[in-house]
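K.L.:
Build me a model from this:
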Amino acid sequence: MSERRLKHWGWGYEDQAASRGELERAGAGIREQLGFGGEVEEAVPLDEVEIRAPRLRAPDGFGDLFTGEKYERVSRALGKAYRDVVRGFRGEFENPPDLVALPRDESEIEAVLSWAEAEGAAVVPFGGGTSVVGGVEGRLGERPFVSLDLRRLDRMLEVDAESLAARIQAGATGPGLEGQLKEHGLTLRHFPQSFEFSTLGGWIATRAGGHFATLYTHIDDLIESVRAVTPRGLWESRRLPGSGAGPSPDRALIGSEGILGVIGEAWVRVRPRPQFKASCGVEFDDFHAAAGAVREIAQSGLYPSNCRLLDALEARTTGAGSGESHLLVLGFESPHHPVDDPMTRAIAIARDHGGTPNPPPTGRKRTHSDRNRPVGGAGGGAVESWRSAFLLAPYLRDTFVACGVLSETFESAITWDRFEDFHATAMEVARRKVAEVCDAPADGPGAPRVTCRFTHVYPDGPAPYFTVMAPAVRGGEVEQWDEIKAAAAEAVIEGGGTITHHHAVGRDHRPWYDQQRPAPFAAALRAAKQELDPASILNPGVLIDP
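P.N.:
As a prediction, this is how the structure comes out:
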């Protein structure tokens with residue numbers, strides 16, 4: 001039996017690709033729902049894709065460590081941003097890796113780095129390929145490069161049940177990691193939207209955000225120690241619950257995006273699987289009143305697992321609401337005790353700000369038949385509709401591309417005192433630029449959609465996440481989105497927000513990251529890079545220039 005393969009250009013497996021008939025039906029529904037799009041095109045098949053010849057030859061004596069096979073090169077040439085999916089859909093793979101390396105252990109990672117340095121080649125670490133910021137695309141001009149895929153390093157190596165920690169290899173995907181932890185009654189409880197295909201190493205390298213909306217929001221919170229291979233030796237921190245011994249070696253690797261070393265494994269903090277869950281949708285007439293409720297809940301110490309605010313248009317687009325009300329999706333969970341009381345308190349706060357629970361909150365104890373879900377909750381109605389839309393979103397974007405719809409996002413984080421002005425400016429800039437670039441009306445039938453939701457909330461501020469849906473300019477989709485993205489990014493930076501809350505920097509965010517970071521820090525990072533990777537073989541062009 002042949003191994004199930006991922007698509008060479010989009011999200012999911014090859015056997016999940018929509019047929020022409022399915023696309024035609026989807027196109028009709030999209031036009032009815034959005035008022036634009038619906039004209040179907042089909043992706044360029046792999047056998048019609050043309051890519052440059054490899055500029056490197058696999059060295060002798062390494063067995064199957066290296067491959068130059070076309071599918072392997074093409075499927076690692078791009079990430080999964082809208083601009084990546086569009087180019088892959090059209091068969092445009094300008095920067096394929098010259099070789100793909102598939103190490104089985106640290107010694108083979110070391111061998112790849114040593115060989116690449118001797119050859120003057122670059123190395124781009126690759127996890128699940130789900131980057132949406134150009135983090136895995138080797139835009140390196142004439143310099144050859146190797147895609148270092150860690151998929152074979154996918155095992156849980158050790159469990160410390162007393163300390164609630166596990167040692168897991170970096171190539172473990174979300175489902176693979178959770179499946180191995182489940183045998184011990186444990187969970188990492190880190191569910192990014194890319195969970196199905198992204199990896200532990202990728203989460204660490206990009207400071208990924210999971211699906212606790214409060215408290216344990218980033219992979220940072222779940223790391224006990226990290227082990228990485230650098231061109232100048234192994235980097236491994238000591239396992240400790242906390243330490244005040246100087247700057248943290250783990251923090252230097254978390255978010256390093258593969259420029260300092262190749263993350264091989266990590267000790268992560270795990271927990272018993274949740275047994276009690278409750279969820280509820282709360283509707284509001286006023287978006288900023290709803291944001292006030294979220295702020296109070298975030299500052300209350302209740303720490304809901306889910307506290308996501310969707311504006312009315314976002315709720316309608318996802319099928320979670322009618323579009324008449326803004327929707328707050330609340331959820332609580334615990335491995336030890338019922339969560340009805342904190343849910344009751346959170347709903348009381350929401351009511352004080354004008355919210356109406358709909359449907360009434362539901363809670364239950366987890367049963368044996370329950371599956372892992374990326375958010376806590378047992379509620380129906382709006383909550384279930386939102387959850388389903390969230391899980392399907394990466395798959396639907398492939399369909400949107402095929403049906404002529406631009407569908408992409410930008411996100412940030414901002415303190416509460418600046419949020420209202422920040423939100424108004426970001427929405428207005430995005431609406432105005434989208435309408436201009438698409439030559440579409442700013443309002444009314446056929447107008448592009450710009451929506452906002454909170455993905456995570458903190459006592460001192462939210463992480464607003466904006467979605468753009470607009471009629472695509474066929475053949476010019478990449479330029480179209482780049483112009484919109486640049487305008488939105490400028491508004492984010494000028495408004496005091498971060499250029500990215502949980503999507504990393506990659507190559508796409510570099511111009512605005514350079515504005516955000518302090519200049520002395522950039523110099524220090526550059527010095528660390530020079531010490532660890534003097535030949536600049538690891539993911540050059542990401543975070544800093546050589």
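
K.L.:
could you point out which element follows the lowest-mean-pLDDT helix or strand in the chain?
P.N.:
In the chain, no helix or strand scores lower on mean pLDDT, DSSP states H and E than strand 362-365, which sits at a mean of 54. Going down the chain from strand 362-365, the next helix or strand is helix 382-402, by DSSP states H and E.

K.L.:
which helices and strands sit right next to that next one?
P.N.:
helix 20-34, helix 82-89, strand 276-284, helix 312-318, strand 326-334, strand 405-411 (3 or more CB pairs under 8 Å, 6 or more residues apart in numbering; DSSP states H and E). All C-beta atoms are positioned from the backbone trio N, CA, C, and that covers glycine.

K.L.:
centre of the chain versus the third one, how much separation?
P.N.:
With CA atoms, centre = their mean, to the nearest Å as the basis, strand 276-284 stands 24 Å off its chain's centre.

K.L.:
mind listing what it pairs with, with the direction of each?
P.N.:
Each strand paired with strand 276-284, and its direction, by DSSP bridges: strand 326-334 (antiparallel), strand 356-357 (antiparallel), strand 362-365 (antiparallel).

K.L.:
just these: most buried one?
P.N.:
strand 326-334 (a mean of 27; mean count of other CB atoms under 10 Å).

K.L.:
quick one: secondary structure of T467?
P.N.:
Put simply, T467 is strand when judged by DSSP: H, G, I helix; E, B strand; the rest coil.

K.L.:
how many neighbours does P249 have?
P.N.:
17 (other CB atoms under 10 Å).

K.L.:
So it sits against L234, correct?
P.N.:
No - using CB atoms under 8 Å, P249 is not in contact with L234; the gap is 11.7 Å.

K.L.:
Tell me which stretches of the stretch 201-350 of the chain form helices.
P.N.:
Under the criterion DSSP state H, counting those that start in this stretch, the stretch 201-350 of the chain carries helices at the ranges 249-253, 287-298, 312-318, 340-352.

K.L.:
Show me what the third one is in contact with.
P.N.:
Which is helix 312-318. For helix 312-318, the surrounding residues in contact (CB atoms under 8 Å, 6 or more residues apart in numbering) are 287, 310, 321-327, 382, 385-386, 389-390, 449, 451-453, 467, 469.

K.L.:
List buried residues within those.
P.N.:
Among those, the ones that count as buried by 16 or more other CB atoms under 10 Å are 287, 310, 321, 325-327, 382, 385-386, 389-390, 449, 451-453, 467, 469.

K.L.:
Low-confidence regions, the chain specifically.
P.N.:
1-2, 359-380, 386-387, 389-391 (pLDDT under 70).

K.L.:
report the longest helix in it, please.
P.N.:
helix 416-438 (DSSP state H).

K.L.:
other SSEs contacting that helix?
P.N.:
By 3+ CB pairs under 8 Å, 6+ apart, helix 416-438 packs against helix 287-298, strand 449-458, strand 461-471, helix 477-494.

K.L.:
Can you give me the buried ones in that helix?
P.N.:
In helix 416-438, counting by 16+ other CB under 10 Å, buried: 416, 419, 422-423, 426-427, 429-431, 433-435, 437-438.

K.L.:
okay, the residues you listed in TSV with distance to L150 next?
P.N.:
As requested, the buried residues of helix 416-438 are arranged in TSV below (distance: CB to CB, whole Å):
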residue	distance to L150
W416	39
F419	38
F422	37
H423	38
A426	36
M427	39
V429	39
A430	36
R431	41
K433	38
V434	37
A435	43
V437	38
C438	39
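
K.L.:
can you pull the contacts of L309?
P.N.:
F287, A290, A291, V294, H326, L327, L328, V329, R453, F454, P462.

K.L.:
now P546
P.N.:
K529, S536, P540.

K.L.:
if we go to 10 Å?
P.N.:
I259, R526, K529, Q530, D533, P534, A535, S536, P540 (CB atoms under 10 Å, 6 or more residues apart in numbering).

K.L.:
Please apply the same query to E69.
P.N.:
E69 sits next to S75, L99, V100 when contact means CB under 10 Å, 6+ apart.

K.L.:
Please report how far it lies from H456.
P.N.:
Distance, E69 to H456, by CB to CB, to the nearest Å: 40 Å.

K.L.:
Kindly check the end-to-end length of stretch 470-480 for me.
P.N.:
10 Å (CA to CA, to the nearest Å).

K.L.:
Would you mind listing the buried residues in that stretch?
P.N.:
Neighbour-count burial for stretch 470-480 flags A470, P471, A472, V473, E477, V478, Q480 (criterion: 16+ other CB under 10 Å).

K.L.:
just stretch 441-452 next, same as before
P.N.:
Within stretch 441-452, the residues scored as buried using 16+ other CB under 10 Å are A447, P448, R449, V450, T451, C452.

K.L.:
what do you get for stretch 162-170?
P.N.:
A165, A166, R167, I168, Q169, A170.

K.L.:
Equivalent analysis for stretch 231-251, please.
P.N.:
Applying 16+ other CB under 10 Å to stretch 231-251 flags P231, W235, E236, S237, S248, P249, D250 as buried.

K.L.:
How far does it stretch from one end to the other?
P.N.:
Note: stretch 231-251 ends 19 Å apart using CA to CA.

K.L.:
May I see the buried residues of stretch 441-452 arranged in JSON lines, with distance to R507 as well?
P.N.:
Listed next are those as JSON lines, based on distance: CB to CB, whole Å:
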{"residue": "A447", "distance to R507": "31"}
{"residue": "P448", "distance to R507": "26"}
{"residue": "R449", "distance to R507": "27"}
{"residue": "V450", "distance to R507": "25"}
{"residue": "T451", "distance to R507": "26"}
{"residue": "C452", "distance to R507": "26"}
